[in-house]
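Undergrad: When you get a sec, could you give me coordinates for this:
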Amino acid sequence: MSDEEPNHLVKAVDPRTLTTCMEQLQIAYVEGVASTAGCVVQNITRDVYGVDLEIVRSFALPREEVQIKVQLKSTTSIAPESTPTTFAYQFHKREYFERLAMVRRWDKYILIVMSVNPKQELWTDCSHDFMKLHHCCYWISVEGREVPKAAKPTLRIPRANVFNAKSLIEILEKVERGEKL
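TA: Next up is the predicted model:
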C-alpha cells in the first residue's frame with residue numbers, strides 16, 4: 001500500500017489477529033495511564049454487562065477505595081483531528097449504548113474509545129529513551145442520556161476528553177464525591 005492510498009483501508013500485520021491486537025494496545029494504554037495515576041486495572045474476563053475493565057484507586061486506611069467500570073472500544077475508522085471539538089463513534093450494537101446510559105446508583109461506567117492508525121505497523125515507535133503509542137484514547141460518560149432509536153447509535157465524543165492520568169484522577173474524584181461525570 002502506498003502512502004497515496006486512502007487511510008480507511010486497514011493494513012494489518014496479520015488480518016486474523018487485528019481486532020485482538022487493537023484491544024491489546026488499548027488495554028496497554030489504559031494500564032499505563034492508570035499506573036501513572038496510582039490506580040490498578042482489573043480485567044473483567046466475562047463480558048456480561050458490557051464491562052471490559054475496572055479501574056480502582058486505593059488510599060491509606062480508613063479511606064475507602066474508589067472505582068469505575070470501563071467499556072473499551074477501538075477503531076480505525078474515525079479521525080479525531082477532523083473536527084475542532086468532537087468526533088463520532090458508532091456502536092455496533094444498541095445494547096452497548098443502553099448499558100452505558102443507564103442511571104446507576106453505585107458503579108459508574110465510562111466509555112473509552114481508542115483511535116488507531118489503519119496501518120498496524122505504525123501503532124508504536126520505540127527507542128532507548130521512549131516508547132510512543134500513536135493516537136490516543138478518549139473517554140465519555142453517557143449516564144442518563146437518551147438512547148437514540150438507531151440499531152447502531154452514534155455518539156459524539158469531545159476531543160478535549162483525552163484519557164490521561166490527570167483526567168482519570170478527576171473522574172475518580174468526582175465519583176468519590178458523588179458528582180455527575
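Undergrad: Please tell me I have it right and residue 135 contacts residue 115.
TA: Yes. Contact status for residue 135 versus residue 115: in contact at 4.8 Å, counting by CB atoms under 8 Å. For every residue, glycine as well, the C-beta is placed using N, CA and C.
Undergrad: where does the residue nearest to the spatial centre of the chain land in three-state SS?
TA: With distances taken as CA atoms, centre = their mean, the residue of the chain nearest its centroid is residue 112 (1.8 Å). Of the three states, residue 112 takes strand under DSSP: H, G, I helix; E, B strand; the rest coil.
Undergrad: pLDDT at it, what is it?
TA: Per-residue confidence at residue 112 stands at 98 (pLDDT).
Undergrad: repeat for the one 4 residues further on
TA: Confidence at residue 116, expressed as pLDDT, is 89.
Undergrad: What is the neighbour count of it?
TA: Look at residue 116: counted by other CB atoms under 10 Å, it has 25 neighbours.
Undergrad: okay but it is in contact with residue 25, surely?
TA: Yes. When contacts are counted by CB under 8 Å, residue 116 is listed as touching residue 25 (6.6 Å).
Undergrad: So for the two, which residues contact both of them?
TA: Counting by CB atoms under 8 Å, 6 or more residues apart in numbering, the residues touching both residue 116 and residue 25 are 74, 123.
Undergrad: just for the protein, where's the confidence low?
TA: Along the chain, segments meeting pLDDT under 70 span 1-10, 78-82.
Undergrad: Now do the strands in the chain.
TA: When assigned using DSSP state E, the strands of the chain occupy the ranges 39-43, 53-57, 66-75, 86-90, 109-115, 124-126, 131-133, 137-140, 154-158.
Undergrad: got the contact list for the nearest residue to residue 145 once chain neighbours are set aside?
TA: Excluding the flanking residues, the one nearest residue 145 by CB to CB, 6 or more residues apart in numbering is residue 101, at 4.9 Å. Contacts for residue 101 were tallied using CB under 8 Å, 6+ apart; they are 142, 143, 144, 145, 146, 147.
Undergrad: and with 7 Å instead?
TA: For residue 101, the residues meeting the contact criterion (CB atoms under 7 Å, 6 or more residues apart in numbering) are 142, 143, 144, 145, 147.
Undergrad: Pick out the most distant pair among those residues.
TA: The two members of those with the most space between them (CB to CB) are 143 and 147, at 11.5 Å.
Undergrad: now the helices for this protein?
TA: Counting by DSSP state H, residue ranges of the helices within the chain are 18-36, 94-101, 165-177.
Undergrad: Top of the contacts of residue 101 by number of neighbours, please.
TA: Result: residue 142 is most packed of the contacts of residue 101 (other CB under 10 Å), 20 neighbours.
Undergrad: which phi and psi does that one have?
TA: Residue 142 adopts backbone torsions of phi -120, psi 20, taken as degrees, to the nearest 10.
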